[in-house]
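[1] here is a sequence together with a model predicted from it:
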Amino acid sequence: MSYLLKSNKSWISQEKAGTPDEQQDKIKEVRELLGSLTTEMPAFLSDGTIRRFLRARNWSTEQATKALKETVKWRRQYRPDKICWEDIPGREHEARRAYIADYLDKNGRMVFISKPPIKSKSSAKDQIKQLVYNLEILAMHSENEQDECAVWLTDFQGWVLTNTPLPLFRESTNILQNHYPGLMAVAILSNPPRIFESFWKIVRHFIEREMKEKVKFVYTNNPESHKIVADMFDLDKLESAFGGRNTVAFDMDKYAERMKQSDQMRGASVHANGYSCST
């Protein structure tokens with residue numbers, strides 16, 4: 001399996017994006033096409049969000065508007081903006097499986113880490129809830145970004161087929177591609193075992209071409225893979241599981257405090273009466 005899939009279409013995307021003024025004109029056009037929806041969800045339908053959807057849809061105002069309308073319907077029902085840290089079932093365990101790192105990559109992008117070999121103790125529904133919670137935080141930090149602002153690192157060391165049920169993968173991919181497009185700049189699959197090749201041949205059909213082009217397979221014992229990682233990250237901060245030199249144990253108390261601060265910034269927090277924000 002190749003450890004690196006390169007995209008050669010970035011120049012095409014930049015060409016379609018046009019000048020900053022032309023981009024702003026497209027954002028304005030999408031706003032007009034959305035009509036009253038912009039007043040229904042003003043916080044979500046910001047210029048930053050519209051820009052992300054335009055970028056993910058090759059700057060087609062028609063396609064971006066259609067995608068945004070579908071996401072508005074989904075957000076009405078799911079209310080992702082109301083999910084907070086206290087809403088995540090089994091959060092002390094589940095956060096060790098999927099969390100937002102406390103450092104950025106060398107391009108200033110946020111880093112989302114997942115470790116599927118750690119067995120989840122939550123239902124598929126609750127795992128999706130945690131994913132959406134994390135994506136909301138990443139999206140909040142993408143508001144003023146002109147490009148994709150996040151890197152997804154997945155540690156596959158010790159992975160077996162039962163770690164990633166196909167229905168869960170399909171739903172996760174659907175949510176990421178349809179409701180949080182233009183967010184992930186690159187997805188690094190670290191040390192996938194040989195059995196993963198069979199799984200990849202199946203699930204790659206559920207992944208959009210643009211997303212597949214962002215996928216990189218890396219192996220910590222491969223010199224060229226190590227160079228790719230070293231070019232992207234400060235190895236003193238990067239976890240040793242990905243070829244970095246950071247061996248500090250995950251601090252749940254510090255992470256919980258960080259997430260609570262993010263909840264306050266998003267306007268999602270625990271009510272004074274003690275009930276969580278999504279109740």
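    Perfect, thanks for sending it. Everything numeric here is computed off the predicted structure, so don't read it as measured data.

[2] strands paired with the helix or strand containing V186, and their directions?
    Secondary-structure assignment from DSSP states H and E places V186 in strand 184-190. The pairing partners recorded for strand 184-190 under DSSP bridges are strand 150-155 (parallel), strand 215-218 (parallel).

[3] of these, which is nearest P89?
    With distances scored as C-beta to C-beta, the stretch of those nearest to P89 is strand 150-155 (21.9 Å). For glycine as for every other residue, the C-beta is placed from the backbone atoms N, C-alpha and C.

[4] for Y133, give me the pLDDT.
    Reading off the confidence values, Y133 has pLDDT 98.

[5] report the rounded mean pLDDT for the strand holding V186.
    For strand 184-190, mean pLDDT rounds to 95.

[6] just checking, what packs against the helix or strand just after that strand?
    Using DSSP H and E, the helix or strand that follows strand 184-190 towards the C-terminus is helix 196-203. If you count contacts as 3 or more C-beta pairs under 8 Å, 6 or more residues apart in numbering; DSSP states H and E, helix 196-203 packs onto helix 166-179.

[7] returning to what we had before: what's the closest of the strands paired with strand 184-190 to G244?
    With C-beta to C-beta as the measure, strand 150-155 is the member of those nearest G244 (10.0 Å).

[8] now that closest one, how far from the centre of its chain.
    8 Å (C-alpha atoms, centre = their mean, to the nearest Å).

[9] looks to me like K28 is in a strand.
    No: under DSSP: H, G, I helix; E, B strand; the rest coil, K28 sits outside any strand and is assigned helix.

[10] spit out the contact partners of it.
    With contact set as C-beta atoms under 8 Å, 6 or more residues apart in numbering, K28 has no partners.

[11] what's the pLDDT at it?
    Model confidence at K28 (pLDDT) stands at 97.

[12] for the stretch 1-150 of the chain, which segments count as helices?
    For the stretch 1-150 of the chain, the helices defined by DSSP state H, counting those that start in this stretch occupy 10-17, 20-34, 37-40, 47-56, 61-78, 91-94, 124-140.

[13] ok, back up a step: could you say which of the strands paired with strand 184-190 is packed most deeply?
    strand 150-155 (a mean of 23; mean count of other C-beta atoms under 10 Å).

[14] and it, average pLDDT?
    Averaged over strand 150-155, pLDDT sits at 97.

[15] comparing the helices of the stretch 1-150 of the chain, which comes out most buried?
    The most buried one of the helices of the stretch 1-150 of the chain (mean count of other C-beta under 10 Å) is helix 47-56, showing a mean of 22.

[16] now do it against helix 20-34, angle only.
    Between the axes of helix 47-56 and helix 20-34, defined by axes from the mean of the first three to the mean of the last three C-alpha atoms, to 10 degrees, the angle is 100 degrees.

[17] so how far is helix 47-56 off the chain centroid?
    Using C-alpha atoms, centre = their mean, the mean C-alpha position of helix 47-56 is found 15 Å from that of the whole chain.

[18] related to what we said a few turns ago, quick one: the strand holding V186 to helix 124-140, angle?
    With the same axes, to 10 degrees defining the directions, strand 184-190 sits at 130 degrees from helix 124-140.

[19] what sits up against strand 184-190?
    Contacts of strand 184-190 (C-beta under 8 Å, 6+ apart): 107, 109, 147-157, 176, 196, 211, 214-220, 229, 232, 241-243.

[20] if we go to 7 Å?
    109, 147-148, 150-156, 214-218, 220, 241-242 (C-beta atoms under 7 Å, 6 or more residues apart in numbering).
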